[in-house]
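S.K.: Generate a structure from the sequence data that follows.
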Amino acid sequence: MRVAVVENTRISHHGQIGVALHEAAALVDTYRPYLGQPLPQAGAHDALIVFGGEQSALDDASHPYLPALADLMRDAGASGRAVLGVCLGAQILARGHGASNRLGTAHEFGWHQVALTSSGKADPVLSALPAAFSIFEWHNDTFTLPDGAVHLAETAAVPQQAFRVGRASYGIQFHFEASRAVVARWTQEFPGLMEAVRPGWMQDHPALSARHGPDADLAGLALARAFVAQI
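M.R.: Below you'll find the predicted structure:
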């Protein structure tokens with residue numbers, strides 16, 4: 001299988017998604033449009049994965065490729081290819097399907113409990129997870145559910161945590177790729193930012209990682225493997 005991976009920021013760790021792609025011996029082509037590189041060519045890959053970034057899904061002025069990326073994600077899913085948007089990627093996918101992006105209204109950071117909906121429990125990908133699981137979150141924005149989408153997961157604070165459109169086009173708000181190693185690397189790379197977002201993070205991170213990280217790692221890899229199986 002050949003997979004296009006779109007990165008939206010300078011530091012993108014593929015984490016558990018990268019592990020699952022490696023296990024499947026996928027050929028991965030990486031695109032960095034925030035550096036001015038072109039987007040993947042439509043139809044050239046078996047799957048499209050779009051990672052997160054610090055920008056919003058509506059920051060067209062600073063990231064003029066966003067409308068085209070939203071269209072690419074929509075069209076790839078409509079063609080039957082597997083599509084995955086993580087965090088910002090989920091917000092861009094929602095935009096591509098005509099939903100509304102709601103900026104600055106949905107702050108979540110750190111490991112949170114996410115619950116599957118009844119549809120999520122029956123979904124071919126999300127059903128790889130327990131009915132409730134701990135996973136890493138880091139976002140301020142959210143979106144409305146696209147027309148015709150299947151709502152798959154939620155938290156008490158932010159209902160739109162996961163959705164599917166069509167056969168295998170998935171928007172996942174939470175960072176299931178973020179294993180303990182990825183979160184530790186983020187903590188090294190963004191100490192000031194993370195401390196500002198969650199005061200006390202640098203001191204509390206080791207204990208929080210030990211408490212929530214093992215189960216989150218298992219959930220993230222199970223979800224990544226289940227998505228890759230749809231390709």
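S.K.: so what's the backbone phi/psi at the residue nearest to residue 172 when sequence neighbours are not counted?
M.R.: Once flanking residues are discounted, residue 172 sits nearest to residue 162: 5.0 Å by CB to CB, 6 or more residues apart in numbering. Glycine gets a C-beta too; all of them are placed from N, C-alpha and C. Backbone torsions of residue 162, given as degrees, to the nearest 10, read phi -160, psi 140.
S.K.: any idea how far residue 162 is from residue 195?
M.R.: As defined by CB to CB, to the nearest Å, residue 162 lies at a distance of 29 Å from residue 195.
S.K.: For these two, work out which one has more neighbours and name it.
M.R.: Using other CB atoms under 10 Å, the more surrounded residue of residue 162 and residue 195 is residue 162, with 27 against 15.
S.K.: What residues are bridge-paired with that one?
M.R.: Under DSSP bridges, the beta-bridge partners of residue 162 are residue 153, residue 172.
S.K.: Please report the distance of the residue of the chain most remote from its centre from residue 191.
M.R.: The outermost residue of the chain, judged against the average C-alpha position, is residue 203 (26.6 Å), by CA atoms, centre = their mean. Per CB to CB, residue 203 is found 11 Å from residue 191.
S.K.: For the spatially most central residue of the chain, give the beta-bridge partners.
M.R.: In the chain, the residue lying closest to the centroid (CA atoms, centre = their mean) is residue 86, at 1.2 Å. Residue 86 has the following beta-bridge partners by DSSP bridges: residue 172.
S.K.: Does it touch residue 52 like I think?
M.R.: Yes. Counting by CB atoms under 8 Å, residue 52 is a contact partner of residue 86 at 5.7 Å.
S.K.: Pull up the overlap in contacts between these two.
M.R.: Common contacts of residue 86 and residue 52 (CB atoms under 8 Å, 6 or more residues apart in numbering): residue 175.
S.K.: Over to the closest residue to residue 117 other than its chain neighbours. Which of the three states is it?
M.R.: Distance criterion CB to CB, 6+ apart; nearest residue to residue 117, sequence neighbours excluded, is residue 151 at 5.4 Å. Three-state assignment for residue 151 (DSSP: H, G, I helix; E, B strand; the rest coil): strand.
S.K.: and the longest helix along the chain, which residues are buried?
M.R.: If you go by DSSP state H, the chain has its longest helix at helix 201-230. Across helix 201-230, burial judged by 16 or more other CB atoms under 10 Å covers 201, 205, 209, 212-213, 216-228, 230.
S.K.: And for stretch 22-36?
M.R.: For stretch 22-36, by 16+ other CB under 10 Å, it's 26, 28, 31, 33-34.
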